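K.L.:
Give me the fold of what follows.
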Amino acid sequence: MEIESTRIRVKVCGITNLKDALAAVAAGADALGFVFHEASPRYVTPWKVADIVEILPPFVAAVGIFVNRPRQQVEEIAERSGIHVIQLHGDESPEQCLDYRWPVVKAFRFGPEHRLPALEHYRVSGVLIDAVVPGKWGGGGVTLDWELLGQILKSLPSDFRSRLVLAGGLTAENVKQAVKLIRPFAVDVSTGVEESPGNKSARLVKEFIDALRTEAYYGGVA
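P.N.:
Sure thing, here's the model as predicted:
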């Protein structure tokens, strides 16, 4: 049975400082993403994340993003930082996503020349779909082909969208269109609300979340 979301959840990813974290929460973010991939300009240390997580209000999820890290390192960082959810953003196999003590979101990159694997093999709490950018693990602000993705999603079980997180070049200007076409459980934004890599704009974050809180989109998308 397909689960209907009462509203689209929002994850603001690439948070690097307390000011941006609190601004995102004040704007209505449901989750904050912290990048533990050292090659990223949005990399943040577990100790800094721990200081932020400690003062987050209830029901705001802290998500740690990892790229091809050994399981032991992922677990150590998760413990040290106090995150609530693990996001695996590399080449992890279905087996490598199992048996964590935290909920796992598995991220996949998608594009015309970079198709999705058999998603039904991944027994995870959430599936995030991002755009492909050569040489990078993140989408880099590149917009997904929503029409193509929507066609592929039609072949998946009807309840798949209840754990789908949509990323890839989302902004306040295009997120309504993306949500209408894909109908995800949540959306993930980073570049689209930044002044520079790792520095969020409180104004852009608020505009992005407000775009999803209009009457037409707050109670689910037809």
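
K.L.:
any idea how far residue 94 is from residue 34?
P.N.:
Computed with Cβ to Cβ, to the nearest Å, the distance linking residue 34 and residue 94 is 24 Å. Quick note: C-beta positions are derived from backbone N, CA and C, even for glycine.

K.L.:
Of the two, give the one with the bigger neighbour count.
P.N.:
Using other Cβ atoms under 10 Å as the criterion, residue 34 and residue 94 rank with residue 34 on top: 27 against 15.

K.L.:
So that one lies in a helix, does it not?
P.N.:
No: looking at residue 34 with DSSP: H, G, I helix; E, B strand; the rest coil, it is strand, so not inside a helix.

K.L.:
what pLDDT does the closest residue to it other than its chain neighbours get?
P.N.:
Spatial nearest neighbour of residue 34, chain neighbours left out: residue 49 (4.7 Å); criterion: Cβ to Cβ, 6 or more residues apart in numbering. Residue 49 is assigned a predicted lDDT (pLDDT) of 98.

K.L.:
With residue 157 instead?
P.N.:
Per-residue confidence (pLDDT) for residue 157: 79.

K.L.:
Next: residue 6.
P.N.:
With respect to pLDDT, residue 6 scores 60.

K.L.:
Show me the strands in this structure, by range?
P.N.:
For the chain, applying DSSP state E gives strands covering 9-12, 31-35, 61-66, 85-88, 104-110, 126-131, 164-166, 186-189, 194-196, 199-200.

K.L.:
Can you show me the helices along this protein?
P.N.:
Ranges of helices within the chain are 18-27, 46-53, 71-81, 146-153, 175-182, 202-212, 215-218, based on DSSP state H.

K.L.:
Residue 84 is in contact with residue 102, isn't it?
P.N.:
Yes: the pair residue 84 and residue 102 qualifies as a contact (Cβ atoms under 8 Å) at a distance of 6.9 Å.

K.L.:
just checking, residue 54 touches residue 82?
P.N.:
Yes: under the criterion of Cβ under 8 Å, residue 54 makes contact with residue 82 at 6.8 Å.

K.L.:
So if I had to pick from these two, which one is more boxed in?
P.N.:
Comparing residue 54 with residue 82 by other Cβ under 10 Å, the one with more neighbours is residue 82, at 16 against 9.

K.L.:
Could you find the closest non-adjacent residue to the more buried one?
P.N.:
Using Cβ to Cβ, 6+ apart, the nearest residue to residue 82 is residue 53, at 4.1 Å.

K.L.:
For that neighbour, give me its contacts.
P.N.:
Going by Cβ atoms under 8 Å, 6 or more residues apart in numbering, residue 53 touches 62, 81-83.

K.L.:
and if you look at residue 213?
P.N.:
By Cβ under 8 Å, 6+ apart, the neighbours of residue 213 are 7, 28.

K.L.:
Now do it, the pLDDT please.
P.N.:
Per-residue pLDDT puts residue 213 at 83.

K.L.:
Equivalent analysis for residue 148, please.
P.N.:
Residue 148 is assigned a predicted lDDT (pLDDT) of 84.

K.L.:
now residue 220
P.N.:
pLDDT, residue 220: 47.

K.L.:
Now the spatially most central residue of the chain: closest residue in space, sequence neighbours ignored.
P.N.:
In the chain, the centroid-proximal residue (Cα atoms, centre = their mean) is residue 188; its distance is 4.0 Å. Leaving out its chain neighbours, the residue that sits closest to residue 188 by Cβ to Cβ, 6+ apart is residue 167, at 3.9 Å.

K.L.:
No further queries at this time; thank you.
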